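> Sequence first, then the predicted structure, then my questions.
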Amino acid sequence: MAVHDFRSQRLYLDQTLEDGRQIACDKAQANYLRNVLRLGDGAGILVFNGRDGEWRATVMPRGKRDCELGIAEKVRGQEGGPDVRYLFAPLKRARLDYMVQKATEMGVACLEPVITAHTVAERVNVERMRANVIEAAEQCGVLRIPDVREPVPLDRALADWSAGRALLFADEAAEGAALTAFEGLARGTPVAVLIGPEGGFSEGERARIRRLPAARTVSLGPRIMRADTAAVAMLALVNATIGDWGEA
């Protein structure tokens, strides 16, 4: 993986990036560049779109208050990441923000809210989740932008589950060491991580999950973790054992 330039500011652009292209900034982007980052004409910034890698761009004037970005050179090729789907029961606002940001930093491919019997969040703001994904990627040098999916009931998410994708299920009732669940899984294996709500899964939900041939229960030790903490712990285990932390 190419070394990231941590000294430069970064901006996500939902535009095709290519040498020599000039991209007009919308009002929010222009305000961010001019008033938040305080970048003047000719200043440099790194831009990315989750598809075309990372590019160096130059801030250029466009009218009295607006600006545009001149795409200059590619500095990093597009990076992939582990094939990890992250399924989770939505949390309340501040902790959901934190969890989404950390999952993005940990390299998940997609974020999938699932509604369970004990889900406490009244609604899921998918656009806010997407904004948190982009913010985390901008701040941490991440090039891949996880897909953010609309919430669905847990039963629908598990319907017709592919036997080729291991479902790693954080279960407080599981026994044995955490790494036992990863035995026999090769590095790069497609997986999904499933984290329940603060109140845990219902007995019916736990039984439904356990019936899936691809399901593997994971113990996270003797201490009960909050859902956002459990997410980070599970994703760290995935990256260290079958993800991309072991790659040269």
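Perfect, thanks for sending it.
> The protein: helices as residue ranges?
Counting by DSSP state H, one finds helices in the chain at the ranges 27-31, 93-105, 126-140, 154-158, 203-210, 227-241.
> Serialize those to a markdown table and add fields for mean neighbour count, mean pLDDT and distance to residue 56.
Bear in mind the C-beta positions are built from the backbone N, C-alpha and C, glycine included. Below are the helices of the chain laid out as a markdown table (neighbours: other CB atoms under 10 Å; pLDDT from 0 to 100; distance: least, CB to CB, whole Å):
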| stretch | mean neighbour count | mean pLDDT | distance to residue 56 |
| --- | --- | --- | --- |
| helix 27-31 | 14 | 92 | 17 |
| helix 93-105 | 19 | 94 | 23 |
| helix 126-140 | 17 | 95 | 15 |
| helix 154-158 | 17 | 96 | 40 |
| helix 203-210 | 14 | 94 | 46 |
| helix 227-241 | 20 | 93 | 29 |
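> where does the protein have low pLDDT?
1-6, 122, 247-248 (pLDDT under 70).
> can you pull the contacts of the most centrally placed residue in it?
Nearest residue to the geometric centre of the chain (CA atoms, centre = their mean): residue 104, 2.6 Å. Contacts for residue 104 (CB atoms under 8 Å, 6 or more residues apart in numbering) come out as 132, 133, 136, 137, 140, 142, 145, 146.
> Please parse the protein into its domains.
10-76, 84-241 (automatic domain parsing).
> Pick the most buried one from the ones you listed.
domain 84-241 (a mean of 17; mean count of other CB atoms under 10 Å).
> And that one, end to end?
Length of domain 84-241, first residue to last, CA to CA, to the nearest Å: 13 Å.
> Check the offset of it from the chain's centre.
Relative to its parent chain, domain 84-241 has a centroid offset of 11 Å by CA atoms, centre = their mean, to the nearest Å.
> Right, I'll leave it there.
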